[in-house]
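J.: Could you work out the structure for the sequence below:
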Amino acid sequence: MPKVFYTQPDGTERGVEGTAGDSVMQIAVRNGVPGVLGQCGGVLSCATCHVFLDEQNADDFPPVGEDEDEMLDCTAVERAASSRLSCQLSLAEGQHVRVTVPETQL
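T.: Numbers count the residues shown, from 1 in each chain. This is a model prediction of the structure:
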């Protein structure tokens, strides 16, 4: 079972188990993780699921695509090299991922 560890801006961390094939955003929204809004439902038309992907997980996912890259320019918190839209991070069986939630999404 995949697991995502969400670190909040204040440093608190919460681990949440999900299902293979779910996105980091779907798991967060379903489990009430603060700071991951996912207002568009994961169709890549907003940036309210912006997270900072842990460097150790960077190679676990395909690189940022053109559409995601454009949406990352619309984030409420300044974009970083590790910025990803969590709706684009689908999990595999047994995968463990760490992300940090930005201070705000709006």
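J.: what about residue 16, which SS state?
T.: strand (DSSP: H, G, I helix; E, B strand; the rest coil).
J.: now the one 10 residues further on
T.: At residue 26, secondary structure determined by three-state DSSP is helix.
J.: Residue 18 is in contact with that one, correct?
T.: Yes: counting by CB atoms under 8 Å, residue 26 does reach residue 18; the two are 7.3 Å apart. Backbone N, C-alpha and C define where each C-beta goes, glycine included.
J.: helices and strands around whichever helix or strand residue 68 is part of, which ones?
T.: Element membership for residue 68, per DSSP states H and E: helix 66-72. Of the remaining helices and strands, those touching helix 66-72 by 3 or more CB pairs under 8 Å, 6 or more residues apart in numbering; DSSP states H and E are strand 83-85.
J.: Neighbouring strands of the strand it packs on in the sheet, and parallel or not?
T.: strand 50-53 (antiparallel) (DSSP bridges).
J.: Give me the contacts around the strand it pairs with.
T.: 6, 24, 36, 61, 72, 75-77, 80, 82-86, 89, 97-102, 105 (CB atoms under 8 Å, 6 or more residues apart in numbering).
J.: tell me how far the host helix or strand of residue 4 is from the chain's mean position?
T.: In the assignment (DSSP H and E), residue 4 maps to strand 3-7. Chain-centre distance of strand 3-7: 9 Å, with CA atoms, centre = their mean, to the nearest Å.
J.: what's in contact with it?
T.: 13-18, 24, 27-28, 33, 35-36, 51, 91, 95-101.
J.: Tell me the buried residues in that strand?
T.: 4, 6-7 (16 or more other CB atoms under 10 Å).
J.: same thing with stretch 90-106?
T.: Applying 16+ other CB under 10 Å to stretch 90-106 flags 90-91, 95-102, 105 as buried.
J.: Can you tell me which of these end up in strands?
T.: 96-100 (DSSP state E).
J.: Which of the buried residues of strand 3-7 sits closest to residue 46?
T.: Residue 46 lies nearest to residue 6 out of the buried residues of strand 3-7, by CB to CB, at 18.7 Å.
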